[in-house]
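>>> What follows is a predicted structure for the sequence shown.
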Amino acid sequence: MMTPEETPDSNIPFANDLNRTRVIPVIEEHLQVRKEVVETGRIRIGKRVYEEEQTVSTPLISEKVDVERVAVGEFVDTLPEVRYEGDTMIIPVVEEVVVVEKRLRLVEELRVTRQHIETTATEQITLRKEEVTVERLDPENPVD
């Protein structure tokens with residue numbers, strides 16, 4: 001803030017004259033802020049790529065699977081489950097087959113019983129019979 005002695009009006013003519021109208025300019029300062037981009041320097045960035053071959057050893061894990069087919073050829077009533085024998089997994093492979101079977105069926109029985117039956121038979125028959133008679137004859141008189 002300025003004192004009256006410091007104001008620019010103190011240099012104006014008639015400044016000490018009280019009967020006269022005095023015009024006092026009111027000054028206001030405004031602040032204006034702005035930015036400027038100023039280059040202060042430059043840089044250069046370089047990048048080089050070097051290649052180098054190295055031998056690297058790393059352990060790798062892999063699995064090998066051996067598949068062995070074992071023919072079985074058995075008829076089973078139910079589907080067998082997968083089972084293990086040591087490190088070996090056994091997977092049953094089944095198939096449906098048509099079975100035509102020829103079987104004997106007992107249709108009926110014939111029951112035969114032997115019976116001894118005794119009956120009396122009555123018939124009229126003619127039977128012939130020979131009878132021989134022997135006579136002694138007189139030798140003196142053979143024809144009698």
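Perfect, I can see it now.

>>> any idea how far residue 110 is from residue 104?
Computed as CB to CB, to the nearest Å, the residue 104 to residue 110 distance reads 16 Å. Any C-beta I mention is one placed from the backbone N, CA and C, and that applies to glycine too.

>>> Repeat that for residue 64.
The value you get for residue 64 to residue 110, if CB to CB is used, is 70 Å.

>>> again with residue 139
79 Å.

>>> Residue 55 too?
Distance from residue 55 to residue 110, by CB to CB: 96 Å.

>>> Then residue 120?
Distance, residue 120 to residue 110, using CB to CB: 32 Å.

>>> Tell me which residue is most central in the protein.
Closest residue to the average C-alpha location of the chain: residue 82 at 13.6 Å, with CA atoms, centre = their mean.

>>> That residue touches residue 88, doesn't it?
No: using CB atoms under 8 Å, residue 82 makes no contact with residue 88, being 11.1 Å away.

>>> so where do the helices sit in this protein?
For the chain, helices defined by DSSP state H do not occur.

>>> Give me the below-cutoff pLDDT ranges for it.
The model of the chain has pLDDT under 70 over residues 1-18, 142-144.

>>> tell me the contacts of residue 66?
If a contact means CB atoms under 8 Å, 6 or more residues apart in numbering, then residue 66 has no contacts.

>>> can you check residue 103 too?
Counting by CB under 8 Å, 6+ apart, residue 103 has no contacts.
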